[in-house]
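Enquirer: Mind folding the following:
(one chain, ligands or ions: 1)
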Amino acid sequence: MALSNKHILLIISGGIAAYKSLDLIRRLKERGAKVTPVMTRGAQEFVTPLAVGALSATHVFTELFSRQDEQDVGHIRLARDCDLVLVAPATADLLAKMANGMADDLASTVLLATDRPVLVAPAMNPKMWEAKATKRNIATLKSDGIAFIGPMAGEMAEKGEAGVGRMAEALQIAEAVEHLLDDAPKPLKGKTAIVTSGPTHEPIDPVRYIANRSSGQQGHAIAAALAKLGAEVTLVSGPVTIPDPAGVTTIHVERAEEMRDAVLGKLPSDIAVFVAAVADWRVASSSEQKIKKQPGDAPPALQLTENPDILKTVGHHEKRPRLVIGFAAETQNVEDNGRAKLQRKGADMIVANDVSPETGIMGGARNQVKIISASGVDAWLDLSKTEVAERLAALIAERLT
Ligand code: CTP
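Expert: Numbering: from 1, shown residues only. Here you go, the predicted model:
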């Protein structure tokens, strides 16, 4: 388990997002971490120490001047006897205290006293996040070496309010913790990688588009696996509903042409892995206005034109990465078609999979692939998409070192 033997001191401060901390405790524990919670007075207005303690299965610390707690551990030991201090949610108020070195309750005192890495997951109203004072505090904290996850864009608890300010989801926070505490070997340190992922959406008019069933799971997992081995990864993602992986720079695009531009903008690079299910065609001239249905009219004929082949462009580019890897989504003759793609696209390796509907691979969590290269074919059977990603990242590291 990624966090086994790791001890996280989780500080919960007083925002509505505190309810998500309950799920966060579960996510950290299922990764093997020990979680010791500290709650501010504000946090206790939103969730109870009883609920937090029931999930963490440890004592919940709430008071700075608690004779019992000070006798048992003391706030200084609390601050030091952990591998990481995580603040989730981090309110504007607690961030301001941290930036100014204030220590007037247990949470802020622990944060001032700790010599461990600190990760904060801010959560606040978008106006508070944009306030000049908050921006100043964030800049100070970043230069002090505090790590951030989020906040994210989306709906706020307040009716009708939206913008940047939502706390990152529990899974994203748990991944960020894993990333920060990861002490595994980094064979790809100093190497750069580009990964494409997800589908592309090719507009027909402002409300309609051509798409496919790609979920982005495989591409995102590969980006995360390369980052785990130390590579500096840029993920160029089409529209997906899964979160951006931790430790990776993600560029969001819609159309194939945007994806190509984003990829070319990142050359030179040591590694490029093309996992995206790029739409082969786009509508030749998409309509600026919504196409209306007129009584008696025949359905509109869509004139299609070919999209740029991003893998082929990069495979033959003057700044071609040392290692270019493509995927081949096939429904028949997987190996032969994969081999043909290796040649045609100028790739070093093709990861070929059978995406016939009965395999459940497209959009599913599992995969079985054939790795096709000049040196032959290797079959990886019935693995999770994460396992495929980890094996591929290890193979890339082997090829480059
Ligand atoms: N690819 C790409 N740009 C495109 C089409 C495909 O970069 N416009 C990449 C995909 O990311 C994948 C590989 O090319 O790595 C093969 O994609 P696939 O859809 O299997 O192949 P196609 O070239 O579209 O061939 P066909 O549809 O005939 O199988």
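Enquirer: So the residue of the chain most remote from its centre, which state does it fall into?
Expert: Ranked by distance from the centre of the chain (C-alpha atoms, centre = their mean), the top residue is residue 296, with 48.5 Å. Taking DSSP: H, G, I helix; E, B strand; the rest coil as the rule, one finds residue 296 in the coil state.
Enquirer: State the pLDDT value of it.
Expert: Per-residue confidence (pLDDT) for residue 296: 88.
Enquirer: Over to residue 319. Which of the three states is it?
Expert: Put simply, residue 319 is coil when judged by three-state DSSP.
Enquirer: what sits against it?
Expert: Applying C-beta atoms under 8 Å, 6 or more residues apart in numbering to residue 319 gives the contacts 267-268. Yep, even glycine has a C-beta here, placed from its N, CA and C like the rest.
Enquirer: ok, it to residue 219 distance?
Expert: According to C-beta to C-beta, to the nearest Å, residue 319 and residue 219 sit 22 Å apart.
Enquirer: Tell me the confidence at the residue nearest the centre of the chain?
Expert: The residue lying closest to the centre of the chain (C-alpha atoms, centre = their mean) is residue 245, at 1.6 Å. In this model, residue 245 is scored at 90, pLDDT.
Enquirer: Surely it is in a helix?
Expert: No - counting by three-state DSSP, residue 245 is not part of a helix but coil.
Enquirer: hang on, it packs against residue 220?
Expert: Yes - using C-beta atoms under 8 Å, residue 245 is in contact with residue 220, at 5.2 Å.
Enquirer: so what sits against both of those two?
Expert: Common neighbours of residue 245 and residue 220, using C-beta under 8 Å, 6+ apart, are residue 235.
Enquirer: List the buried residues in stretch 315-323.
Expert: For stretch 315-323, the neighbour count (16 or more other C-beta atoms under 10 Å) marks 315, 317, 320-321, 323 as buried.
Enquirer: Closest one to the ligand out of those, please.
Expert: Nearest to the ligand out of those is residue 315 (C-beta to the nearest ligand atom; 9.1 Å).
Enquirer: Might you report the residue contacts of the closest one?
Expert: Residue 315 makes contact with 324, 326, 345-347, according to C-beta under 8 Å, 6+ apart.
Enquirer: Walk me through the domains of this protein.
Expert: Following automatic domain parsing, the chain resolves into domains at 7-181, 192-400.
Enquirer: Tabulate those domains (CSV), appending distance to the ligand.
Expert: Listed next are these as CSV, based on distance: least, C-beta to the nearest ligand atom, whole Å:
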stretch, distance to the ligand
domain 7-181, 24
domain 192-400, 3
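Enquirer: got JSON lines for those, with distance to residue 1 too?
Expert: Below are those laid out as JSON lines (distance: least, C-beta to C-beta, whole Å):
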{"stretch": "domain 7-181", "distance to residue 1": "3"}
{"stretch": "domain 192-400", "distance to residue 1": "14"}
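Enquirer: so residue 234 makes contact with residue 194?
Expert: Yes - in this structure, residue 234 is within contact of residue 194 by C-beta under 8 Å, at 5.2 Å.
Enquirer: Inside helices: which ones of the contacts of residue 315?
Expert: residue 345 (DSSP state H).
Enquirer: Compare the contacts of residue 315 and tell me which is most surrounded.
Expert: Neighbour counts for these (other C-beta atoms under 10 Å) peak at residue 326, which has 28 neighbours.
Enquirer: per-residue confidence at that residue?
Expert: You'll see residue 326 listed with a pLDDT of 97.
Enquirer: Return the residues in contact with it.
Expert: So residue 326 contacts 274, 311, 315, 341-342, 345, 347, 349-351 (C-beta under 8 Å, 6+ apart).
Enquirer: make it 6 Å
Expert: With contacts defined as C-beta atoms under 6 Å, 6 or more residues apart in numbering, residue 326 is in contact with 274, 311, 345, 347, 350.
Enquirer: can you check residue 304 too?
Expert: Applying C-beta under 6 Å, 6+ apart to residue 304 gives the contacts residue 281.
Enquirer: again, only this time at 7 Å
Expert: Residue 304 is in contact with 281-284, counting by C-beta atoms under 7 Å, 6 or more residues apart in numbering.
Enquirer: Likewise for residue 337?
Expert: Shown in contact with residue 337 (C-beta under 7 Å, 6+ apart): 328, 330.
Enquirer: Return the mean pLDDT over the helix or strand harbouring it, rounded to an integer.
Expert: Element membership of residue 337 [criterion: DSSP states H and E] is helix 334-345. Averaging pLDDT along helix 334-345 yields 93.
Enquirer: In that helix, which residues are buried?
Expert: Neighbour-count burial for helix 334-345 [16+ other C-beta under 10 Å]: 334, 337-339, 341-342, 345.
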